[in-house]
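Trainee: sequence unknown, structure follows:
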DNA sequence: GTCTATATGCTGATAGAC
DNA sequence: GTCTATCAGCATATAGAC
C-alpha cells in the first residue's frame, strides 16, 4: 500500500502541504511553491503533470500519514468507556499537533468535489469511522450511531477549528487548547451530559 | 445601526454572497461576479473601491442579517433546559436554511485574518455568545462555560459542516439533515450524555 | 450609472538548452 | 533533473465616452 516516493518529489509535497492548508488551492501558485522548495517553477512540472495532480499527491501524502493513527486508538481491547477515553485523548492530540490535517479536510469539504470526498471517505475514514460506529453501538444502544459518531468527532474537531475565533470570545483561556483538557471535557460531556455529580 | 444600501449595490452583494461562500475570495473573479449580476466588470468598481471592499461589504451584509436571529432564541424567559431546547431548534434551523452563513464563517476562520476575526467576534457573536455563556452557567455550574458553549455550537455546526462528506460514510440517512432531528439529538446528548433512560 | 477599451501583472504551462 | 526563456490567458483595476 505504501508507495515509494523519490526524495525530491517528497520534498515538494512536504512544502506544499502547509501552503495548501493555509491558503487553499487557488491561494498557492506554482511560483510560490517553487520558491519555498528552492526550485525553479518549471522543475515542478518535471515531477508532476500539472498543479491539480500535485495538489492531489500532497493530499494523499498527508492523509496516508494519518489514516493509520486514527484507527489505532479505537481498536484496543477495553470497556467502551475506556476506549472512548483513549480515543478522545489520541484524537485531540492528533488534531492539536497536526493543524494542517484538519484544515485540509475542511477545505476539501468546502470545495465540495464529490469524487474527491468519496475518495477521502473510503481511503482515509472508512476503517476509522467503522470502528467508531461500533464503539457508539456498544456505548449507547439507544442512540443513532451515525449521529453519535459525528457528534463525538465534531466535539473535538470544532474546538480546534474555531480556535482563531475563540481568541476573541469571552471566557477564553490558553488552557483551552491543551489536548488533555479538551479530551477530558468531551468525555465528561459525552458520558453524563451537563448533569453534575 | 441599519445602513441604507442602494438597490444596485444590494443586488451585487446578494449575488456575491453565494459565490464567495462556494468558491472563496480567490475563487470568485470580478468578471464572474459581474456576469452573474448582469453587469460589466467595470461597473462593479463604480459601486466598490476594489474587490476586497466588495468582499467585506458582502460579509457585513450577510452577517448583519443573522446576528439578530442568533440572540433572540436565547433571551426568552424559561428554565435553562427549555431555553437550551429552544435555542438548539432555532440554531439548527438557521444553519440548515442558510448554508452560506456557515460556509462564510468557516472561510473567515480558515483565512485567519485576526482583524477580521476580531470584527466578527465583536459585531456578530458577542451578544449571542454572552447569552449562551450565561445559559451554560445556569445549566451546568460544574462545567467551564466557555468550553461548554463552544461544544454546544460545535455539535450543531459540525453536523451541517460535514454533510457533504457524511454522504459517503456508513449509517447515513437523509433524515439526519432535518433540523428537528439534529436538535433533538444534540439536546438529549447534552442533557444526559449517552446514558440511556 | 453603465459601458468600451486598455494597462499591467500574475497565472499555469511548455520548449528546449545544459 | 534543473535551468532560462517564453507563451497565452485571465486577474484586478483604471480612463474616459455616453
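Mentor: Thanks, I have it. Bear in mind that the values here come from a model prediction, so they are computed numbers and not experimental data.
Trainee: So for stretch A:133-153, mean pLDDT?
Mentor: Average pLDDT, stretch A:133-153: 97.
Trainee: My error: substitute stretch A:60-75 in the last question.
Mentor: Here the average pLDDT along stretch A:60-75 is 86.
Trainee: buried set for it?
Mentor: Neighbour-count burial for stretch A:60-75 flags A:60, A:61, A:62, A:63, A:66, A:67, A:70, A:71, A:73, A:74 (criterion: 16 or more other Cβ atoms under 10 Å in any protein chain shown). (Glycine included, C-beta is placed from N, CA and C.)
Trainee: if I look at residue A:170, how far off is residue B:27?
Mentor: 33 Å (Cβ to Cβ, to the nearest Å).
Trainee: Same check on residue A:161?
Mentor: From residue A:161 to residue B:27 the distance is 20 Å (Cβ to Cβ).
Trainee: Looking at those two, which one has more neighbours?
Mentor: Comparing residue A:161 with residue B:27 by other Cβ atoms under 10 Å in any protein chain shown, the one with more neighbours is residue A:161, at 25 against 17.
Trainee: show me the contacts for that one.
Mentor: A:102, A:106, B:106, B:109, B:154 (Cβ atoms under 8 Å, 6 or more residues apart in numbering or on different chains).
Trainee: So which of the residues you listed belong to helices?
Mentor: Secondary structure assignment by DSSP state H places A:102, A:106, B:106, B:109, B:154 of these in helices.
Trainee: Kindly reformat those residues as JSON lines containing neighbour count and distance to residue B:83.
Mentor: Converted to JSON lines, the ones in helices among the contacts of residue A:161 look like this (neighbours: other Cβ atoms under 10 Å in any protein chain shown; distance: Cβ to Cβ, whole Å):
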{"residue": "A:102", "neighbour count": "18", "distance to residue B:83": "32"}
{"residue": "A:106", "neighbour count": "20", "distance to residue B:83": "30"}
{"residue": "B:106", "neighbour count": "20", "distance to residue B:83": "26"}
{"residue": "B:109", "neighbour count": "20", "distance to residue B:83": "27"}
{"residue": "B:154", "neighbour count": "23", "distance to residue B:83": "18"}
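Trainee: Can you name the residues of chain A sitting close to DNA strand C?
Mentor: Selection of chain A residues close to DNA strand C by Cβ under 7 Å from any atom of the strand yields A:28, A:29, A:30, A:31, A:32, A:41, A:42, A:45, A:49, A:50, A:51, A:52.
Trainee: which of these count as buried?
Mentor: Buried among the residues of chain A next to DNA strand C by 16+ other Cβ under 10 Å: A:28, A:51.
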